[in-house]
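Participant: Fold the stuff below for me.
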Amino acid sequence: MPEGSDWSLVAAVRYGRSNSAKHKHQQTVEVRPSGKALKSDNPWYVNLTNFGDTASSHKQSQIIADFMVGRDVGLGLWGGSAATVDFGVRFAQFTSGSTAVLRDKPDTFIERIPQAPTAFFPSWHKYQTNAHNHSFYGFDEVKRSFSGIGPTLSLNGSQTLAGNTHEDGLSFDWGMNAAVLFGRQKVKGSHKTSGIYMGNFAAPPISRYSNPTKFITRSRSVVVPNLGGFAGLSLRYTNAKISLGYRADFFFGAIDGGLDARDASNRSLHGPFATVSLGLGN
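Facilitator: Coordinates of the predicted model:
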């Protein structure tokens, strides 16, 4: 803010990223009987487990940049209050990528079928054992992005709670912003699913299905409304300020969250914040 002027120049950049990965595995632990061998008159066992296994990873990043010109509107409704209106340009970019692999064998079933003895081995086996089971597999990998730019308007205010308005003191700070971003959202990825039905260990599958790998590529021009705001407390010194508060920004319909078909979804950024500001000059 130039000295002696009600106008100010504002430039701000926010960047964030997150990464996560999970692996979940669950299975049965019981030992299941698989037939009876009459040679020893003792049952023998095969350790057949039903299981589900899922592995996934996700990463995302965002950058928001504001370039604005503001003016002190001096609301002055209460003593020690101040407010500015800022108008300018906002740029936002969101990127994300995820991968998931699923494997499942949910229903192993042991079936013992009576079998007639043969002439050569009359007492060898009394039962023929089949292990019926289904097995499933799924995989998907997808990358999503949005980049947009557009006009933005914000109103920011401060109310002194203790101390001097322009020097040392404690104040309640608040703000709200609105923007309209014109940009492009993109999706690129692939997915595949398959399954088989087995009748026993040695025989080929009784039935199977397989949806071959399907590749997805979409790009679309979109208009994204953006609303946000913040509230917090600031402790001011002559040339410094420490602030604590909560900030939220909502970008409506910014991300294409679908796979085979477009599904517009919102991107929200919200949470507590802490800042330290240092002044330059007198």
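Participant: Show me what the host helix or strand of Ser147 is packed up against.
Facilitator: Per DSSP states H and E, Ser147 falls inside strand 127-163. Counting by 3 or more C-beta pairs under 8 Å, 6 or more residues apart in numbering; DSSP states H and E, the packing neighbours recorded for strand 127-163 are strand 32-37, strand 51-72, strand 81-105, strand 109-114, strand 169-198, strand 207-237, strand 240-256. In short, each C-beta sits where N, CA and C put it, glycine included.
Participant: Arg17: which of those strands is closest?
Facilitator: Closest to Arg17 of the helices and strands packed on strand 127-163, according to C-beta to C-beta: strand 51-72, at 4.0 Å.
Participant: Just the angle for that closest one relative to strand 207-237, thanks.
Facilitator: 30 degrees (axes from the mean of the first three to the mean of the last three C-alpha atoms, to 10 degrees).
Participant: Comparing the helices and strands packed on strand 127-163, which yields the minimum mean pLDDT?
Facilitator: The weakest mean pLDDT among the helices and strands packed on strand 127-163 belongs to strand 32-37, with a mean of 44.
Participant: Contacts for stretch 54-62, please.
Facilitator: For stretch 54-62, contacts defined as C-beta atoms under 8 Å, 6 or more residues apart in numbering pick out 14-25, 92-103, 267, 269.
Participant: Return a PyMOL selection command for the buried portion of these.
Facilitator: If you want just the buried ones from the contacts of stretch 54-62 in PyMOL, going by 16 or more other C-beta atoms under 10 Å, the selection is:
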select buried, resi 92+93+94+95+96+97+98+99+100+102+267+269
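Participant: mind listing what's buried in the strand holding Ser147?
Facilitator: Those would be 129-131, 133-135, 138, 140-142, 144-148, 150, 152, 154-160, for strand 127-163 by 16+ other C-beta under 10 Å.
Participant: which residues sit in contact with Tyr246?
Facilitator: Per C-beta under 8 Å, 6+ apart, neighbours of Tyr246: 230-232, 270-273.
Participant: Of these, which count as buried by neighbour count?
Facilitator: Using 16+ other C-beta under 10 Å, the buried ones in those are 230, 232.
Participant: of all the contacts of Tyr246, which comes closest to Ala248?
Facilitator: The nearest one, if we look at the contacts of Tyr246 relative to Ala248 and count by C-beta to C-beta, is His270, at 3.7 Å.
Participant: which SSE is that closest one in?
Facilitator: Using DSSP H and E, the element containing His270 is strand 264-278.
Participant: Enumerate the sheet neighbours of that strand, specifying parallel or antiparallel for every one.
Facilitator: strand 240-256 (antiparallel) (DSSP bridges).
Participant: buried residues in the partner strand?
Facilitator: For strand 240-256, using 16+ other C-beta under 10 Å, the buried residues are 243, 245, 247, 249, 251, 253-256.
Participant: Same list, these, but as a markdown table with distance to Val73 please.
Facilitator: As requested, the buried residues of strand 240-256 are exported to a markdown table (distance: C-beta to C-beta, whole Å):
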| residue | distance to Val73 |
| --- | --- |
| Ser243 | 21 |
| Gly245 | 21 |
| Arg247 | 22 |
| Asp249 | 23 |
| Phe251 | 27 |
| Gly253 | 32 |
| Ala254 | 30 |
| Ile255 | 35 |
| Asp256 | 39 |
